[in-house]
Structure formats: C-alpha cells, structure tokens
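Fold the following for me, if possible:
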Amino acid sequence: MKRNPFVSSSRRKNRKRHFNAPSHIRRKIMSSPLSKELRQKYNVRSMPIRKDDEVQVMRGHYKGQQVGKVVQVYRKRYVIYIERIQREKANGASVYVGIHPSNVSIVKLKLDKDRKKILERRAKSREARANKGKHTEQSVAAAATTTTTAAAAEST
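Sure, this is the predicted structure:
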C-alpha cells in the first residue's frame with residue numbers, strides 16, 4: 001500500500017524519473033552491495049560505486065571469481081567499466097563491456113575522508129535503528145526514580 005501521497009506509484013512516471021534523473025541522483029541509483037567481509041567490517045550494506053573501487057561481477061555473462069578495478073563510472077548509461085572485462089569488436093579493437101552496478105559486489109573500497117564520513121554516518125544510523133525501542137540500564141534507572149518521586153509526591 002502506498003503511504004506517502006507525494007510519491008507516485010505509476011510505472012510510467014517512475015520510468016521517466018529514472019531515465020531523466022540528474023547526475024547526483026544517478027550516483028545514488030548506481031549503488032553496489034558490499035562483500036560479506038566489508039559488510040561485517042563497516043556495518044553498511046551498499047555504497048554508491050566509485051572509480052577506483054575493486055569489484056567482483058556476481059550476475060550475468062561475466063560473473064566469476066576474478067576481481068577487477070572500476071575503470072569508469074558512466075552515469076549517463078547507468079553502467080560501469082571494469083578493468084579486465086572487455087570484448088573484441090569486428091575490426092579487432094577491444095572495448096569495455098558495460099555492467100550495471102547492481103550486478104557487482106564491492107570487494108575493496110577506495111577510501112577518502114568523505115567516504116569514511118559516509119560509512120560512519122550510515123553505520124551510526126543503522127545501529128540507532130537496531131537499538132530503537134530497547135531499554136538501557138540508564139533509562140530503566142531513570143524511569144524507576146521518576147516513578148518513586150511521583151509516588152512520594154502523591155502521598156503528601
């Protein structure tokens with residue numbers, strides 16, 4: 001069921017927004033899941049792909065165990081080009097094969113200060129979501145003191 005009245009569920013409008021999206025939104029759409037090791041390390045599930053990340057193709061014709069570096073992120077076509085994934089053209093020239101970022105897994109991140117900040121922020125919000133609604137020892141103690149002071153105030 002649609003909950004937000006300002007978001008369309010129309011296929012036509014969603015496709016239009018997807019293919020006419022500006023570059024800063026395409027960056028977010030072009031996110032890749034992190035490998036299991038990185039997910040454990042950073043407590044983050046996915047990240048927008050970037051030029052020097054190392055990735056492993058998980059789906060499609062080129063899937064396999066080889067790890068390649070991202071050579072280019074082509075936002076206009078919604079594809080990434082990976083180091084060793086090329087094909088021969090009819091005239092003998094080799095060209096990179098475009099692969100959608102959702103079909104790869106990030107094995108090694110290229111970290112700079114901005115990316116570290118993003119990882120910390122996302123991990124913090126994920127942890128806050130996991131602990132939401134759970135009582136801590138401090139909150140239980142605080143609740144106990146407020147109830148005892150309220151009971152004392154009523155008796156007087």
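
Check which element follows the strand ranked longest in the chain along the chain.
For the chain, the strand with the greatest residue count under DSSP state E is strand 67-74. Note on strand 67-74: by DSSP states H and E, the next helix or strand toward the C-terminus is strand 79-82.

residues in contact with that next one?
Around strand 79-82, the neighbours that count as contacts under Cβ atoms under 8 Å, 6 or more residues apart in numbering are 30, 49, 55, 57, 68-74, 96-101, 104. To be clear about C-beta, it is placed using only N, CA and C from the backbone, and glycine gets the same treatment.

Let's see that with 7 Å instead.
Contact with strand 79-82 is made by 49, 55, 68, 70-74, 96, 98-101, as judged by Cβ atoms under 7 Å, 6 or more residues apart in numbering.

tell me the mean pLDDT for it?
Model confidence over strand 79-82 averages 97 on the pLDDT scale.

Could you do stretch 64-73 as well?
So the average pLDDT for stretch 64-73 ends up being 92.

Show me which positions of it end up buried.
Under the neighbour-count criterion of 16 or more other Cβ atoms under 10 Å, stretch 64-73 has V67, G68, V70, V71, V73 buried.

Any chance of TSV for these, columns distance to R129?
Shown next, in TSV, are the buried residues of stretch 64-73 (distance: Cβ to Cβ, whole Å):
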residue	distance to R129
V67	31
G68	33
V70	29
V71	35
V73	29
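
Which of the three states applies to Y62?
For Y62, the secondary structure call by DSSP: H, G, I helix; E, B strand; the rest coil comes out as coil.

and the nearest residue to it once chain neighbours are set aside, what does it touch?
The spatially closest residue to Y62, leaving aside those adjacent along the chain, is I85, at 5.1 Å (Cβ to Cβ, 6 or more residues apart in numbering). Residues in contact with I85 (Cβ under 7 Å, 6+ apart) are V57, Y62, G68, Y96, V97, I99.

center of this structure - which residue?
Centroid-nearest residue in the chain: S46, 2.7 Å away (criterion: Cα atoms, centre = their mean).
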